[in-house]
Structure formats: C-alpha cells, structure tokens
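**Q** Okay, sequence plus prediction incoming.
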Number of protein chains: 2
Amino acid sequence: MDRNPLLRESDLAFLLRDVFEVGRLCQLERFSHLDLETFELYIEAARTLARSRLYPLYREMDQAPPRFDGARVTTHPKMAECYDQLSQLGVLSATRPEAVNGASLPQTIATVANLYLMAANAGAAGFPLLTAGAAHLVEAFGDDETRALFMRPMYDGEWTGTMALTEPHAGSSLAEISTRATARSDGRYNLRGSKIFISGGDHDLKPNIVHMTLGRIDGAPPGIKGVSLFAVPRLRPEGDKLAPNDVHTTQLIHKIGWKALPSVALNYGEDDDCVGWLIGEPGSGLIYMFQMMNEARLMVGANGVATASAAYFAALEYAETRRQGRALADPDATAAATIIEHPDVRRMLLRQKAIVEGGTALLVQTGLYADHAAAAPVEQRPRAAGILDVLTPVAKSFPAEWGYEANSLALQIFGGYGYTTEYMPEAWLRDQRLNSIHEGTTGIQGLELLGRKVVARDGEALRALLEDIHADIERARDRERLHDHAEALARVCERLAAATARVAGRGASGDVVGMLGHSDNYLRSTCVILVAWMWLKMAAAATLHEPSDFSRGKLAACDYWFREELPRATTWLANCETAAPSFARLSPKSL
Amino acid sequence: MDRNPLLRESDLAFLLRDVFEVGRLCQLERFSHLDLETFELYIEAARTLARSRLYPLYREMDQAPPRFDGARVTTHPKMAECYDQLSQLGVLSATRPEAVNGASLPQTIATVANLYLMAANAGAAGFPLLTAGAAHLVEAFGDDETRALFMRPMYDGEWTGTMALTEPHAGSSLAEISTRATARSDGRYNLRGSKIFISGGDHDLKPNIVHMTLGRIDGAPPGIKGVSLFAVPRLRPEGDKLAPNDVHTTQLIHKIGWKALPSVALNYGEDDDCVGWLIGEPGSGLIYMFQMMNEARLMVGANGVATASAAYFAALEYAETRRQGRALADPDATAAATIIEHPDVRRMLLRQKAIVEGGTALLVQTGLYADHAAAAPVEQRPRAAGILDVLTPVAKSFPAEWGYEANSLALQIFGGYGYTTEYMPEAWLRDQRLNSIHEGTTGIQGLELLGRKVVARDGEALRALLEDIHADIERARDRERLHDHAEALARVCERLAAATARVAGRGASGDVVGMLGHSDNYLRSTCVILVAWMWLKMAAAATLHEPSDFSRGKLAACDYWFREELPRATTWLANCETAAPSFARLSPKSL
C-alpha cells in the first residue's frame, strides 16, 4: 500500500508530452513565461505532498471523521497542518494571475496536480479546492472592497471558503432557493435562511469561513432571475476585528465517504444579525455561481479519475502479489499462480486502466480547451469555450459513473479481503459514490448536455468538437493498426450528430419530453464516444513508440474500449431517437 | 420507510399464479399433500415476520455490529430472539422431509419466503440459512451417529452451523486447503488448521456451533481428491455433556455490510485437542460440499434480489413524495413536481424494477427446476438437474451484479440524502456488495458456467434449457405485442449456442485460454438472455390481463430489457468468439 503511486509518472509523461504536447501551451502569451519543465515541477511538488503526506493520513482521517459538539465542528487534528501544506504548494491560486499572487499556471497543469492530491486524500484536498473556487468568485465578480475583505485572505490561506447553494427543500433545483436577503442602510444585506450539504461549512482549521451564498433579495422575481450572490463570513470584519455573524451550524451530515471534509447544515440569521456582502449585480447570482460550479464539476471529474486511479494501483499490486489457484494455461503447476495470471483478473484490471487513463486524457483535453477559452487569441476563444461547455458535463459524469465501476472492480480483485475495512478499496468506493451526486447529479448533467450545451447556437459547439475529433480520425485512418477503430469512431460520430439533430428537432417543435426523456442515454453515448476518441489519440501516440509492454498496454486498452464499450453508444443513441413511448411517458403507477 | 413492503404481494401473486402456476408442483407426488394455499400461508408467515420484526431491527443491528473480546463474539442483544423466531417459522427445515421434522415444501416456495427474510435483514437471516445448509449436509452424507449428534440439534434450532471452507492462503481455491486431520483410535479425527471468513463462526445465540469443515486426512493425495468433510463442533458431545473442543476464534473480520452476522477467523487444534467427525467417505468432501455451496449460491442470488428489492421500494416511495423542480412537460407549474415526474428518475426506477422482478422470476424458475430435479418422476430428473446446474451460476451472479447496480440507482434517487447514514440505501448497497464475492466470485461463476456446466455431457443441459426457452418463444411469437421480442430472443439464443460450440471446440483442441479467457463475457451474456426470457414470460402473462397500470408496467419493463440490455449479449458473445488475442493474453507488465 505504501508503494501506491496514485498515478504513474510514465502514463502522465506520455499524456502530457506525447499525446497532448502540452508544452505548446507556452506559445500562448499568458503562459509564454513558463515552460514544460515548470509545469512538471509543479506537478512533481503536488506528487510529493500527495505521496508523502496526504495519502499516509487518509485512513486515519477516514476513521476519525469530524465531530460536532452542538455548536462547532472539530476536524482531524492533522488536518490544519495539511491545509497549510496545500496552501504552501500553491493550490489556492495555481491558475490565478500574479496580481492576486497566483502562479498563472494553465488549468491543464493544475488539474493534473490536483489528480495527485485527490487520489491521496479527497476530503483533505477538498478544503483548499473549495476555497480556491470561492476566492475566484470574488475575484471575478466582486468589487475592490469585497476582494480586499474576502478574496485576499482566502487566496493567502488565512481563511477558507465554501459554496452555499443547496437548501433542504431544493436539492438540485436552484430556482427554488428561498434564503432571504434584506437591504441594510449600509449597502449590505441581512440574510435569513437554511443551507444543507455545505462542504467545509464549519471546521477548526482557520478562524474564518466565507460562505459564497445564493439568496433572494426582498422583492426579487421568482425563479433563477431573482437569485443573487453574497459573501457571508462566519465572522464579519468590523474595523480591525472579527465579530460573530450569526451563521450557525445546526447539523453535521453523516456522509459515507469524504470523511476528512465535514458537510454541514447552516442557519443564517437566527438572531436577525447575519450580514452578507452582495457580489456583483442583483439577480445575477446563478450566472456567477456557474463559474464556480463549472470549475467544481471539472474538479469532481478529476476526483472521479483520481479515486479510481488510486484503487487501480492498489488492485494491480495486490494482483501481482496474491497467489491463488493455477493459471488456465498451466493447471498442473506446483505453486499457485499470482492472481494476475487469471484472465478474468486481467480483464478487471484492463477495464480499470481503460477507465482511469481514458478519464485522465479526457480531463487533460478538457483542460486544454479551458486554457484556450481563457488565453488563446481573442478570436479563437469562443470556439474553445463552446467545446468546453459541451465537455464539462461529460468530464464530470464519465469519471463519476465509470469510475465507480472501476472502484468496484478494484474491490472485487481483493476478494473477501476487499469487503473489509482492513484494505483500502472499500473506502475509495465510498468516496467515489458521491461524485455522481454532488455538483449536479448525473441526471442533471444529462439535461445540461442535451437540453443546453449541444443545442446552444444551433449546435455550433458540438459541430466544432466533432471537427476536432475528425481531425484525429483522419490522422489515424491510414495507419493499419488503427484503421478499423478510426472508421468505427467516424460512424458513431455521425450517429451522434444525427441523433442530436433528431431530438433537437423534437424539442424545437415543443415536444420537450421527446427531446429530453432519454438524456441519460445521450450523456452516456457521449461519454463512451469521447473516451473512444481519447483512446484513439493515445493509441496513435503509442504506435509511434517502439513496441514495448507500455505501448502494447495502451493499444490493448484502446482495443478493449472499442470492442466492449463503444458499441453501447449505438444502442443508446437508437433509444434517444426512437424510444419516445418508453419510461419517459410511463405512468408512475406502473412502477 | 415503515411502509417498505420489501416485496410486493401483487408481483409475487402474478409470478407464482399467472407466470409459473406453481400450484402445479402439487401434481408431483412429494408435494401432493400440499396445495397453493399452503404455499402462500408459509410465504405469508415469512412476510409477517420480515416486516414486523426483522426489518425494524435492521438498522440497529447494522449500527451495533458484533463485538469480539479476544475470546468470544457477542452479537446484537436482540439477535438470539430473532433466531428463535426464524426457527419457529420453520426456516431451518422448510424443504426437508417429515422424517427430520421438515415441512416438505418445494424449494421454489422456500426461496420466495426467504426473499422476504433477506430483504428485511440479510445478516439476521444468514444465521438460520447457514445452519439449514450445514444440517442438510449431515442429513445427506452423515451416518446415524452424526445425524443424531449434529443434524438433529441444528434442525431443532438448538445449535447453529457454519460452512468452514476458506483458508487465509486459499480464498477461492479449495484444492489448496491445508487443514490437517489425523485419524484417532476412536474413528474420529484430530484437526489442525485455520479458516477465515466463517460467517456465524462464533456468537452467543446458542451454546454450540457445528463447523462443517473441509480438511485433508494425513496421507491424502494433493488437490481436491484429498479433501474430506468433517463436522467439528465448538463443544464436543462427551456422554451427556459438552466439552470444549479446541476451536478458537482468533479474529473478527470487519466487514462493511451484513453487520448482524459475524464473520470470523478460526483456529483448530491449537492445543492438539480438536476432534472432528468424518462425514461420508474420505476424499469426497468437496463433492459433498458442493451440495451446500450450490444451495448457498442460490441463497446468495436470492439475497441479491431481496436487497435490490427493499431498496427499490424505498426509492419508489421517496420518488413519490420528494418534491423538487418542475416536470419537463409543465415547466411553469407553480408547485414543485414529485421527482417521480422526472423521466430520468423513472428510468432509474424502471431499471430497478426490471432487475428486481427479472431476478425474482429467475429464482422462481430455478427453484422449479430444483424441485423437478428432486421430486419429478425419476426419469425426468436428470434433465431438470442438468438445467439447474446451468442456471445456478447465473441465478447467483445476475442478482449480485445487476442487483448492485439497482442498489446504486436507489441511492442515487435519494440524492445527497442517499449519501448519508440517515437513509437506508447506503446500507443495502454495502450488503449487496458481498454477493459478487462470497460463495464463489463472479469470476469463478463464469468459469463454472462455461468451463463445466454448459459443456458437460456434450452440452446436453444447455440444449435442454434452450428447448424450454424456445417453447416460450413459440408461444409468444404469434402475439403481435411480443413478436419482435420473441424474434430477438430466438436470434440471440442461436448466437449463444453457436458461441458455446465455438469456444468449447477451442477447449477440446487444448486451447483452454481461448475457451475460458472471456468467461465473464459469456456469463454476462447468459444473464441478460435468461432474464430476457423471464421478461418475455412475464409480458406474455401480462398481456392476458386486462390492460392496467400493473400490466403496462410489466410490458414497459420487458420492452426496456429488450431494448437496453439484451443487445449487450451480442457484443459479449462476439468477444467470446473472436477476441482471443485480448486481455486473456495480455502481459501483466502492460497493465
């Protein structure tokens, strides 16, 4: 277990150098002062912290979760030190500009570094990553006062931040937010309401916590247009001092995973003395919050990959050392075989590899679009931003859904031992289970993808994405080893485009259920297709290597994906197109 | 939650009366003194105990698992009373003949009753079901002395029993068992060795525990032919007294589920004073144990269905009452919709329904073959026994694998709440996770099915099974509503037969890896095909009903299965036939 690499250097070097040539990011002006070596140094620092510090603390943090005494939450005694180490690494502002003491690193590189941190200890990494998102919200939409008051201490590692969206009656439905904000004479607002599932919502790491809170100003219209964003600190700055701000923890949620990170319910304004600072314009809260949510969704995707990766390497090590039974090819051997000799164990490992490395590639690809959306020449940005919009629900959901399967396979390889708390796979399986729920369930992601992202601007972004996929198909088509896969991917991309047009047409004619009833099928199709694209890219890069165990592994995982997963897209897309009179119209009484 | 039906009466009545007409079992001489009403009375008694007693105790047993003080294991304080209630219900000997105070009920009926008990509280139900299996072993293979000594007190509810197969170094590989048995002058044996993962291996319910133990008599040949079966009681009968028998609990395994039922490691003969009674012939232990293991495998399948069923009904109730968001069809409604109005929630519920009811039908079907194998006119028994052999790994693995998906979907429907210990789905998900591991992992089941069951006697049993499936296809083919499904099932059955012949041919020519490398694909194909058969049968019965919510639900689930799951069999069977140079031949260094 001590030897768990979390992610393997050789796989990442292959991705960053051979497959995606991320050094080319330095051709963009924003990153022109950086080079591939700088990128790798940051990743290396994250790797070291992850392996030497965060991972060894994982199990004790899992087994001694935060406690709530009725007023405050106490975290694991070593969590505060971890937070400072993460802060010193630069996690809080890795991608932010120097103006806010950031390192201006590309999103792509920050994501890869975060993979190590999350693979080592998802809960511990959650604190600074949430804080970074909260600070970025104030940076992007706040004014000088709120930046000085709230952004600065969060980026500096002195305070932490949360995103406070969910309310008990309205889990996924942000339009129904009912936290009230009443204007005060000093330009600030008095807040009253309740929030639930607030990660990092209370703790003893730092003196203050800034809750980026969605609320509704008195008289605001119903629905999402009435939602505004407020910075609501636990302690409010009054001159040089911090005074209690009437935000109270009412409950510690007993989560089944992510145990290092407390999730709480909060009450605002029980004594009518909770002050919030409006961020940006009234009624634009949800638009602003989408910045943080989209960042958080990619973070969830990264967590899904990371959690599957740590478990994959644990399973691989176990399979290489545990002896049991005889190999099929050598039934009369005197000694038992290592279980990795059994084909079905290799199948389970190959599936995990295909999911983990396919997911990692998808995150890197998504990061590159994010970097181009933010830093490419201005005229190129909208195209990249559109593709990023399409990729976000996929990069969130693929790792969550397939990663959960990968984690379950890792447990399976440990057999009866995997079903015990003496080994790690059960813990990673619990951690992974959250990823299809938080930051928008998989169901929500499907509606986002099909109902918004691929149909926006008459499908422009999906067309652009398909162009990029086709460029890779063209490059692979003439290579004998990849020809069939390239053709298969081309065919299924055509099906995707046709199915999209068909269901969008239904929506345009007013049949919303006919359009969106099978949005989950649509999302899953897109997941397996985009990961097939990633595997085609990786296989193409691998064929440029001398044949080796390494390159054969990449090709085997690619073959596996095309043989076993990609065919499912055809079934699912057919459902989207033809299965209108199905569960979408089924009476609940028939269930 | 209180209203959880665990299984729904109307669904069971439909299955038992309409689909399978289980009353016809009474035409067999063994059951001729019984009738459908008797069957239903027994099921009703199990249902009452399950709902009124076992289910209300589930969570407290889950949260206060057994404790180990270094010598003995203490179970939940209410477990002992539960055991007596289960014993009084008749679980211990429901299917056994009157000669041993049994009720002579068909296996089919006992299975359905067990579904209720396991849906209510898997761990609690585990104690008597394991004891029943242990007692049945002594009944079947013991002599008068061991029957009197061990079988009788187990059937009578005075002692409990276990199956003690697994050893620390040889989890799934029973040929490597190394527990030693040395003949004593009194005809008994001294045992020395270690066993692990022994469910019910220690507890405080009853004074004595009989461990049905696999060991190797000194001088026995290596491999499975050297394995013998012993009854090894915790306390050994000496005249009228019970004396300590040198079997010691060394460890309580910290399982992640099934918390009511302790799983322990045992040491035999630390002081060289552990006496075992040989059951049957030396060297036949594994053959005998297969009786118990096959019973246990069907029990695991039943547990998989039961655990998915309890979660399905919890999710259904939650979806009917939880309000959130607006329905797609009515986006401007003033009140939030119940989440069951959202198509994707209905998809998740329909998938659960299809798995739960499909799995229940598969278990009933398997029970019927078991009953015919045991009680049909003698000349008909081998055919039924052969089909039962083929069905067993499927009836074990389908509920374990697909049931786990169903349980995960149930948790998903609860959203963030599902990720907490305040709601039940997380507990059922933990329970379900064991079912693909114990009593032979899914990987082992695949090897059993393809490597043994379908190729035995030149494929006779598979041909018989396909005949029975074709009889149902013929009946459905002319019904317009079912025609396409019947055709699809016929086509995929042909593929199954062809793929079986192809891979068996490889095995016959010595290419064992080419035959068995894709045994998991083969098992999964068989799972979706047999459940498609079940859904065709259920749909056929439903079309005889007046159209109603009930019958439309059955037809919708059938359509769903044929549209979404059955197509996967074609991909998987193609892998079995063509993908020989795949992971089965992949170097472990490429992983």
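**A** The structure has been received and is ready for your questions.
**Q** can you give me the helices in the stretch 201-350 of chain A?
**A** A:285-321, A:343-375 (DSSP state H, counting those that start in this stretch).
**Q** Report the inter-axis angle for the longest one versus helix A:343-375.
**A** Okay, so that is helix A:285-321. Using axes from the mean of the first three to the mean of the last three CA atoms, to 10 degrees, the inter-axis angle of helix A:285-321 relative to helix A:343-375 is 150 degrees.
**Q** The stretch 451-591 of chain A against chain B: which residues are in contact?
**A** Counting by CB under 8 Å from any CB of the partner chain, the residues of the stretch 451-591 of chain A close to chain B are A:512-513, A:516-520, A:549-550, A:552-553, A:556, A:559-560, A:563-564, A:567-568, A:571, A:575, A:579, A:582-584, A:586-591. In this view, the C-beta of every residue, glycine as well, is placed from N, C-alpha and C.
**Q** What subset of those is buried?
**A** Buried members of these, counted by 16 or more other CB atoms under 10 Å in any protein chain shown: A:512-513, A:516-520, A:552-553, A:556, A:559-560, A:563-564, A:567-568, A:571, A:575, A:579, A:582-584, A:586, A:588, A:590-591.
**Q** Tell me how chain A divides into domains.
**A** According to automatic domain parsing, chain A comprises the domains A:9-155, A:160-283, A:441-585.
**Q** For those domains, give me CSV that also has mean pLDDT.
**A** Listed next are the domains of chain A as CSV, based on pLDDT from 0 to 100:
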stretch, mean pLDDT
domain A:9-155, 97
domain A:160-283, 95
domain A:441-585, 95
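**Q** Would you mind giving the ones you listed as TSV with distance to residue B:533 added?
**A** Compiled in TSV, the domains of chain A are given as follows (distance: least, CB to CB, whole Å):
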stretch	distance to residue B:533
domain A:9-155	43
domain A:160-283	37
domain A:441-585	19
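**Q** which stretches of chain A form strands?
**A** Ranges of strands within chain A are A:67-68, A:73-74, A:160-164, A:180-183, A:189-199, A:209-217, A:227-233, A:235-238, A:241-244, A:247-252, A:263-268, A:275-279, based on DSSP state E.
**Q** Counting by contacts, list what the second one packs against.
**A** Identification of packing neighbours for strand A:73-74 by 3 or more CB pairs under 8 Å, 6 or more residues apart in numbering or on different chains; DSSP states H and E yields strand A:67-68.
**Q** Need the contact partners of the strand it packs on.
**A** With CB atoms under 8 Å, 6 or more residues apart in numbering or on different chains as the test, strand A:67-68 has contacts from A:73, A:74, A:202, A:249, A:251, A:252, A:262, A:264.
**Q** switch to 10 Å and redo it
**A** Under the criterion CB atoms under 10 Å, 6 or more residues apart in numbering or on different chains, residues A:73-76, A:202, A:249-254, A:262, A:264 lie in contact with strand A:67-68.
**Q** Nearest to chain B, out of the helices of the stretch 201-350 of chain A?
**A** Closest approach to chain B among the helices of the stretch 201-350 of chain A is made by helix A:343-375 (3.9 Å; CB to the nearest CB).
**Q** thought residue A:79 was touching residue A:125?
**A** No - here residue A:79 lies out of contact with residue A:125, judged by CB atoms under 10 Å, at a distance of 11.2 Å.
**Q** which one of the domains of chain A lies closest to residue B:33?
**A** domain A:441-585 (45.2 Å; CB to CB).
**Q** To what extent is residue A:30 buried, counted in neighbours?
**A** 15 (other CB atoms under 10 Å in any protein chain shown).
**Q** Spatially nearest residue to it (excluding sequence neighbours)?
**A** Once flanking residues are discounted, residue A:30 sits nearest to residue A:375: 3.9 Å by CB to CB, 6 or more residues apart in numbering or on different chains.
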